[in-house]
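Trainee: only geometry, no sequence info:
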Ligand code: ADE
């Protein structure tokens, strides 16, 4: 693609940041032994040779290690941000300056820029799209039907993106294979739970420096991400309340030792609220109005729709930045509500996202899902596809080895027993 004013070769904040980015990417790599092994094999075998690949991810040190791996595998890769606030500008600069990977991502970019970058990504005419939230795939389906013939398939990182892809399938518009990376066990058991658990608290602490011990923290949603946040908040000494709409998950939360109640009851009790539901307006005016003075609200779900900030802004008499990523909304009754990270993913806006050690497995799944799509080109039905169990097991085995943990193997007698139905009582 020839660079033009509307389609530059890259768009990053400042290429001079590249040396800092390089150091940080290499630091992350130390905690990513699985993706390292994938990269070394990819460099030998070039399974993605000639593949035009678009990755729409949070531009972090971990994503950089994925992008370098895809490039080692022969892909002609282009990277855009999957969220306007999650880009690490030094990482974006390093990928352009040191790896010649076109990156279009600037921390704090406005929505218009974000969507322009999605269009630039589609101008790359991708054969494979790695998506995080399904914005690129949804735009392709809505606006670029003529490019579908170029597409081998897509891979999706998040629960939110999977929900959108399933809705597309139901509407009959998912006419290509989509690999469900999120549902791989080596992804959501670790990334969604331990990754979101730790990084969300990290974001809250970096933004506010508050003590969590003794606080009442309301966690909205008890999926894998909510479980992680609730578990880690409890571990830090917080008194945790869970809100849910799913009765099974509500029982789970109760039996895990949390108080469970509707948001309307939790609203006046919480000191800090964290939304991780994937749904819209989970915290809205009827909740804001009964919150304590100084209550803090933040979101760690994919989109910035979980907290109804538009209503809060419309009611507020003043909005003031009181710290980085921390805004105080003054209410007409004199009370204030504090919003972290503008209601966007607080772990990526105010901190660095999930630690490298969990992204190691998530991104090994991504790289291997791309290889799988290429190997099975033309053979996969349109619609959602699970990551093959062997791939999941292989990633877990490599991770365990890197962690220096050995496990038992079945004896011949046990192997025979679990494969037989004849032995009973
Ligand atoms: N999603 C959550 N944490 C992330 C990270 N560190 N890198 C990329 N995507 C992420």
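Mentor: Sure, I can see it. As the structure is a prediction and not an experimental result, all values here were calculated from the model.
Trainee: nearest spatial neighbour of residue 284, chain-adjacent residues omitted?
Mentor: Residue nearest to residue 284 in three dimensions, not counting chain neighbours: residue 308, with 4.2 Å by CB to CB, 6 or more residues apart in numbering. All C-beta atoms are positioned from the backbone trio N, CA, C, and that covers glycine.
Trainee: residues touching that neighbour, list them.
Mentor: 281, 283-285 (CB atoms under 8 Å, 6 or more residues apart in numbering).
Trainee: close to the ligand, is stretch 106-119?
Mentor: No. No part of stretch 106-119 sits near the ligand under the criterion CB under 6 Å from any ligand atom; the closest distance found is 13.6 Å.
Trainee: swap in stretch 300-313?
Mentor: No. No part of stretch 300-313 sits near the ligand under the criterion CB under 6 Å from any ligand atom; the closest distance found is 9.2 Å.
Trainee: from the chain's centroid, how far away is that stretch?
Mentor: A distance of 17 Å separates the centroid of the chain from that of stretch 300-313, by CA atoms, centre = their mean, to the nearest Å.
Trainee: for that stretch, buried residues please.
Mentor: 300-309, 312 (16 or more other CB atoms under 10 Å).
Trainee: repeat for stretch 242-257
Mentor: Neighbour-count burial for stretch 242-257, with 16+ other CB under 10 Å as criterion, is recorded at 242-244, 249-250, 252-253.
Trainee: please apply the same query to stretch 132-151.
Mentor: In terms of neighbour count (16+ other CB under 10 Å), stretch 132-151 has its buried residues at 132-141, 151.
Trainee: tell me how far the residue nearest to residue 284 lies from the ligand.
Mentor: Shown here: residue 308 relative to the ligand, a distance of 24 Å by CB to the nearest ligand atom, to the nearest Å.
Trainee: need the pLDDT of that residue.
Mentor: With respect to pLDDT, residue 308 has a value of 98.
Trainee: any idea where the helices of the stretch 251-400 of the chain begin and end?
Mentor: Assigned by DSSP state H, counting those that start in this stretch, the helices in the stretch 251-400 of the chain fall at 263-266, 285-288, 309-315, 346-349, 356-375, 389-402.
Trainee: right, and these - which one's nearest residue 147?
Mentor: When the helices of the stretch 251-400 of the chain are compared for distance to residue 147 using CB to CB, the nearest one is helix 356-375, at 16.2 Å.
Trainee: just give the closest residue to the residue in the chain that the ligand sits nearest to, not the sequence neighbours.
Mentor: With distances taken as CB to the nearest ligand atom, the chain approaches the ligand most closely at residue 353, which sits 2.9 Å away. Using CB to CB, 6+ apart and skipping the chain neighbours, the partner closest in space to residue 353 is residue 60 (5.0 Å).
Trainee: ok, residue 71 next?
Mentor: With CB to CB, 6+ apart as the measure, residue 77 is the residue that lies nearest to residue 71, at 5.4 Å, once sequence neighbours are left out.
Trainee: and that neighbour, that one's in a strand?
Mentor: Yes. Assignment of residue 77 by DSSP: H, G, I helix; E, B strand; the rest coil places it within a strand.
Trainee: show me the contacts for it.
Mentor: Residue 77 sits next to 53-55, 67, 70-71, 101 when contact means CB under 8 Å, 6+ apart.
Trainee: please repeat the previous calculation with a cut-off of 7 Å.
Mentor: Each residue near residue 77 by CB atoms under 7 Å, 6 or more residues apart in numbering is listed here: 53, 55, 67, 70-71, 101.
Trainee: may I ask which of the contacts of residue 308 has the most neighbours?
Mentor: Highest neighbour count within the contacts of residue 308: residue 283, with 31 neighbours (other CB atoms under 10 Å).
Trainee: need the pLDDT of the spatially most central residue of the chain.
Mentor: Within the chain, one residue has its C-alpha closest to the average C-alpha position: by CA atoms, centre = their mean, that is residue 158, at 5.5 Å. On the pLDDT scale, residue 158 is placed at 93.
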